[in-house]
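>>> My questions concern the predicted model and sequence given below.
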Amino acid sequence: MGYHKRKIPRGEYGKFSKIVEEFEELLDSHERNVAIMELAELADLYGAIKGYVEQKYSLAMSDVRRMNEVTAEAFQDGTRVSREVNEE
């Protein structure tokens, strides 16, 4: 089975299926508590997201980063607030 304990279906680069594959591998690494493998899977997940953004939307990761910055700004200025995990 290689590095991972579970059977993880292969995705296709540039497709959403690759993001799912890399996330499943990240989850497996996290559950196994293997920090270096988890970091490698985070890098692979980044690459899968990059390929998807470029192919599906013809955008760059800098566009995704900018949206993240806008979201962070909204939390900083109070426009958005974090929800408590146990909030009903």
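Yep, it's here. Numbers count the residues shown, from 1 in each chain.

>>> Tell me who's in contact with the residue positioned nearest the centre of the chain.
In the chain, the residue lying closest to the centroid (CA atoms, centre = their mean) is Leu45, at 5.3 Å. Leu45 makes contacts with Ile19, Glu22, Phe23, Leu26, as judged by CB atoms under 8 Å, 6 or more residues apart in numbering. For every residue, glycine as well, the C-beta is placed using N, CA and C.

>>> Among the residues you listed, which ones are in helices?
Ile19, Glu22, Phe23, Leu26 (DSSP state H).

>>> per-residue pLDDT, the last one?
Put plainly, it is Leu26. Note for Leu26: predicted pLDDT of 98.

>>> next one: the one 3 residues further on
Confidence at Ser29, expressed as pLDDT, is 96.

>>> and it, how many neighbours?
21 (other CB atoms under 10 Å).

>>> Likewise for the one 4 residues further on?
For Asn33, the count of nearby residues is 8 (other CB under 10 Å).
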